[in-house]
Each structure stands twice: as C-alpha cells, then as structure tokens.
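Student: Can you look at this prediction? I've put the sequence above it.
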Amino acid sequence: MSTSSRPARKAKVLDTGHAAHTKDGDVLGLPGTMPRPIKVVLLGAGSGFTPRLCSDIIQTPNHAGGEIVLVDIDASRLKPMQTIVSRVAAAATGPTWTITGATDRRKAMTDADYLICCIEVSGLRCVRLENDIPNKYGVDQCIGDTVGPGGLFKGLRTIPAFLEILKDAERLCPNAIVLNYTNPMSMMCLTAARSTSLPVVGLCHSVQHTTRVMAQRAGVPYDEMEWECAGINHLAWLTKLAHRGRDLYPDLMAKARADLAGNPGDPKDVGDLVRKDMMLHFGAFITESSGHLSEYLPYYRKRKDLMKKYCLSGYDGESSFYANNWPTWRSNADAKRSQMISGEEPIGWARSHEYAAFIIEAREKNSPFTFHGNVLNRWQGGGPLISNLPHDGVVEVKTLVDRNGLQPLVYGKLPPQMAAICASNMAVYDLAAEAVLRSSKEAAIHALTLDPLTSACCSPAEIRAMTLEMFAAESEFLPDYR
C-alpha cells in the first residue's frame with residue numbers, strides 16, 4: 001500500500017522561519033553574492049569525487065573566490081589531482097581560486113570554512129579480505145562497504161582516522177562545517193556525532209538519483225513530481241510519490257508486479273527487482289540500488305535460489321561485484337586522470353547534482369537550500385526528527401542550510417514496518433560506533449550478530465569465528481582493538 005495519502009505534516013525548522021514543504025534541492029532565497037573568499041579543504045583528494053566536487057565549487061555563481069586545499073597522504077595521487085583542479089580553476093571566469101596541495105592535513109586545515117571528507121584507509125589491501133572471508137561463512141555480498149561484514153570492517157579501520165581529523169579540526173578550524181562523503185556513511189556520522197562538537201553531515205547521492213529514476217518510471221517531469229523521503233542512508237523510503245495530486249504508486253506497483261512475474265511492460269526497465277519487491281511488500285520505494293539494498297535485508301541473499309530470482313548482474317546484486325571490480329575501476333580512474341593531464345581527455349564539467357557546493361553556496365549567500373543529509377536524529381529543541389527511530393542514532397532527512405548552518409527538519413513518524421527495517425540496521429551502527437570508541441572486538445562481534453543479512457546466514461558461533469578471523473587478517477590496520 002502507498003503511504004502518500006496520509007495527512008501532510010507541518011515540519012519543524014530550526015533557527016529559521018522558512019517553511020519546510022519545499023522539495024529536495026529547492027533554493028528558497030535569491031541567488032545573492034558571496035560576501036567573502038572562503039577556504040575549502042578536501043581530505044582524500046585522490047578520491048574519484050574530487051574533480052567534480054571542486055568543479056562544482058569553482059562554478060558557484062557570483063562567488064568571491066578563495067582557496068581549495070587538496071590533501072592526500074599519497075603524493076602520487078595528490079599531484080595529478082592538483083594539476084587537474086588547477087586547470088579547472090584557471091579556465092573559470094570571475095574571482096580567482098587558489099588551488100594548493102598538502103600531504104600534512106594539519107598544515108592545510110587552519111582556518112578552513114569547510115572540510116570535505118573523501119578519505120580511504122588501506123586502499124585496495126582489505127577489499128578482497130572483506131569479501132572472501134564472509135563468503136567462506138556463507139555471507140554473500142555485492143558491495144560490502146557500508147553494512148554487513150565488509151561495511152563494519154571498513155568502518156573499524158576508517159572511523160578512527162576520521163575522528164583524528166575531527167579532533168584536529170576542533171583546534172584548527174572550529175567554525176568549519178564537515179561534509180562527509182566517506183562510507184560507511186551511517187557509522188561514520190554516528191561515531192562523529194558522539195565524538196565532536198563540530199557540525200557534521202553525511203552526503204550521499206542516492207536520494208537525488210532515485211527520485212529522478214522514479215519520475216522517469218512514472219512518466220512525469222521531475223520538477224513536477226511531489227515526494228517525501230526519510231529513513232537512514234541507503235534505506236530511506238519515498239513515502240510519497242505524486243504528480244498534480246495523483247498518487248503515482250498504484251501504476252508503479254502494477255509495473256513492478258509485471259516485472260517480477262516475468263512479463264515486463266518496459267524492456268528497458270526489467271531489473272532492480274529487490275527494490276521493486278520491497279515496494280510491493282512494504283509500501284514504498286527505497287533509495288539504494290537493488291544489489292546494495294539486498295545487503296541491508298535478511299530476505300534476498302541467504303539462499304542461491306533467492307539470489308537467482310532477485311539478484312541480477314552488476315549493481316543489481318551480483319556476488320562479489322565490488323571486490324571483483326573496484327581495483328579495475330581505480331586503475332581506470334588513474335589512467336583517465338593521466339589522459340586529462342596529457343590533453344587526451346577533456347577537463348570541464350557542468351555543475352552536478354552533488355550537494356556539497358550548493359550547501360556552501362547557501363550558507364555563504366544566506367540563500368536557503370534544502371537537501372537530504374545524514375544527521376543525528378535530534379533537532380535543537382531536543383525531540384527526534386523521525387519519532388519512531390532511535391533518538392541517539394543517525395537518520396537521513398531533509399535538511400535546510402542558510403547562514404545559520406545545518407538545520408535538519410522534523411519528519412515525524414515513519415510507517416512502522418519501514419521504521420522497523422531501519423531500526424534493525426541502526427542497532428548494528430550503534431554497536432559499531434561502540435566498537436570504535438572502546439576499541440572493542442566484542443562490540444564488533446555483537447554488531448555482526450545483529451546484522452540482518454549476517455544473522456540470516458550464520459549462527460552466533462559462526463559470526464564470532466568469522467569476525468575474529470577478519471580481525472586477524474586485518475591486524476595491520478586494526479592494532480588497537482582488544
């Protein structure tokens with residue numbers, strides 16, 4: 001059943017009188033002009049996010065320029081990225097942007113206005129381990145970097161580095177806003193919320209992408225589609241999809257039933273079966289691709305017959321898809337950067353749908369902008385943003401930004417079946433945060449014992465053995481866990 005017929009809520013807005021009924025991505029204020037040059041520090045500059053994020057910032061209309069500092073501990077990846085971003089800045093019109101590079105973040109972060117986190121800890125060295133050891137115990141992963149065994153261990157080795165960055169930031173740039181793109185998103189943001197006074201928001205592109213996909217599937221203009229979305233990262237629910245007052249879910253569900261029965265009406269849209277099946281059984285569409293989503297659930301990856309039915313190729317659910325392909329993706333990205341520097345590949349992009357540059361613009365110009373961000377489930381008045389999810393957890397909700405900073409908007413109550421699916425994963429994140437903060441192997445074991453997919457495939461004893469085996473295999477990167 002669709003939930004789009006429920007009464008509209010009046011959202012609570014923090015420190016502002018702006019209404020919160022606007023769609024994600026709406027700019028509520030006038031374009032304005034940036035009153036000052038700014039300093040943006042991008043940590044993990046070797047990331048694939050870097051060229052487009054920096055290009056977006058440089059293309060901000062009516063900006064005052066400033067400095068973009070690229071930071072990476074790997075100088076071989078930092079240098080080409082600095083060259084590429086410098087060329088983007090040189091080709092831009094208006095006030096100048098200074099592009100600098102640094103391998104020591106402490107020298108770079110002083111007086112930064114914005115920190116963008118795209119770090120990767122250990123590079124390629126753990127990707128295979130975090131896929132193959134769980135697979136030996138019967139836990140089949142498609143992506144495995146935000147949830148489940150792979151996501152947990154990526155968090156255990158990544159979050160401590162993030163917390164060190166935040167500790168430095170409190171001293172060097174205490175007024176900065178931290179924009180995090182690094183996975184595992186929910187674990188990163190939750191542990192940060194329990195560790196720092198700095199404003200931290202997690203940014204993903206699943207909401208922007210999925211809402212556009214749904215407008216296309218429904219055959220309506222994106223700008224005319226009415227929608228609401230809330231939940232947790234990669235498990236946010238589109239609780240309303242409508243066009244000019246007409247509920248779009250009946251038609252979307254009819255198409256999904258045909259696809260799942262093997263009689264698709266649109267031959268270009270025959271995949272995405274996990275999300276379509278979840279929509280039919282739980283009442284709304286979810287924001288992450290079917291392959292990744294299947295890892296958050298106990299239903300689709302526990303038996304070979306179920307995987308054959310629901311888990312297709314690539315991002316639709318292919319076994320070991322990330323582990324098998326990420327090394328090649330990384331080397332291809334490096335090769336493309338070399339081609340950009342040599343002139344074989346053009347440099348220059350239209351402004352993307354990524355949130356970071358729009359958040360910076362909204363704060364600097366005091367032009368209110370709404371987006372979906374990952375934040376603590378609590379607004380400044382003390383109450384929860386989503387009332388039936390843990391109040392000390394991290395949720396993905398509409399968030400307003402203007403000169404007052406980040407102001408998450410109260411959503412209200414999710415339909416209970418949707419909240420229960422989110423809460424099952426939030427219990428894992430809670431214990432993962434405890435594992436990091438207490439350097440506790442036992443908390444990590446408990447986290448995986450509660451993980452929906454892992455617990456559907458393994459007994460508690462098997463989960464303990466698997467977790468300890470992963471700790472042993474990655475001991476170089478996890479020296480502090482007891």
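Tutor: It's in. Since the structure is predicted, the reported quantities are computational estimates derived from the model, not experimental observations.
Student: any idea how far Val394 is from the residue nearest in space to the middle of the chain?
Tutor: Against the mean C-alpha coordinate of the chain, by Cα atoms, centre = their mean, the closest residue is Cys204 at 3.1 Å. Cys204 sits 12 Å away from Val394, going by Cβ to Cβ, to the nearest Å. Quick note: C-beta positions are derived from backbone N, CA and C, even for glycine.
Student: where in this structure is pLDDT low?
Tutor: Applying pLDDT under 70 to the chain flags residues 1-30.
Student: Show the contacting residues for the residue nearest to the centre of the chain.
Tutor: 181, 185, 233-234, 372, 374, 396 (Cβ atoms under 8 Å, 6 or more residues apart in numbering).
Student: tell me, what's touching Cys204 and Val394 both at once?
Tutor: 233, 374.
Student: The residue nearest to the centre of the chain - that's part of a strand, no?
Tutor: No. Applying DSSP: H, G, I helix; E, B strand; the rest coil, one finds Cys204 to be coil, outside a strand.
Student: and the gap between it and Tyr137?
Tutor: Taking Cβ to Cβ, one finds Cys204 at 29 Å from Tyr137.
Student: coming back round to it: export the contacts of Cys204 to TSV and tack on secondary structure?
Tutor: Converted to TSV, these look like this (three-state DSSP):
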residue	secondary structure
Tyr181	coil
Met185	helix
Asn233	coil
His234	coil
His372	strand
Asn374	strand
Glu396	strand
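Student: Among the residues you listed, which one lies nearest to Thr196?
Tutor: Thr196 has its nearest neighbour among the contacts of Cys204 in Asn374, at 14.7 Å by Cβ to Cβ.
Student: OK, contacts around Asp72?
Tutor: Asp72 makes contacts with 43-46, 78, 81, 101, 103, as judged by Cβ under 8 Å, 6+ apart.
Student: cool, Glu396 as well?
Tutor: Counting by Cβ under 8 Å, 6+ apart, Glu396 has contacts 202, 204, 207, 229-233, 236, 287, 372-374.
Student: Repeat that for Tyr181.
Tutor: Applying Cβ under 8 Å, 6+ apart, one finds that Tyr181 lies in contact with 47, 49, 53, 116-118, 202-204, 356.
Student: And for Ile143?
Tutor: Counting by Cβ under 8 Å, 6+ apart, Ile143 makes contact with 150, 291-292, 295, 315, 321-322.
Student: at 7 Å instead, please
Tutor: 291-292, 295, 321-322 (Cβ atoms under 7 Å, 6 or more residues apart in numbering).
Student: Distance check, it against Tyr322.
Tutor: Distance of Ile143 to Tyr322, computed by Cβ to Cβ: 4 Å.
Student: Also Ser47?
Tutor: If you measure Ser47 against Tyr322 using Cβ to Cβ, the figure is 16 Å.
Student: Next: Asp305.
Tutor: 23 Å.
Student: do Val207 as well
Tutor: In terms of Cβ to Cβ, Val207 sits 21 Å off from Tyr322.
Student: Name the residue in those two with the higher neighbour count.
Tutor: Of the pair Val207 and Tyr322, Val207 is the one with more neighbours under other Cβ atoms under 10 Å, namely 27 against 20.
Student: Surely the more buried one forms part of a helix?
Tutor: Yes. Counting by three-state DSSP, Val207 is located in a helix.
Student: Ignoring the adjacent residues along the chain, who's closest to it?
Tutor: In space, and not counting its chain neighbours, Val207 is closest to His372: 4.2 Å by Cβ to Cβ, 6 or more residues apart in numbering.
Student: Asn374 too?
Tutor: Spatial nearest neighbour of Asn374, chain neighbours left out: Gly202 (3.1 Å); criterion: Cβ to Cβ, 6+ apart.
Student: Contacts only, for that neighbour.
Tutor: Contact analysis of Gly202 by Cβ under 7 Å, 6+ apart lists 180, 185, 188-189, 233, 373-374.
Student: got it, and Ala423?
Tutor: The neighbours of Ala423, taking Cβ under 7 Å, 6+ apart as the test, are 389-390.
Student: what helix or strand is it on?
Tutor: Assigned by DSSP states H and E, Ala423 belongs to helix 416-437.
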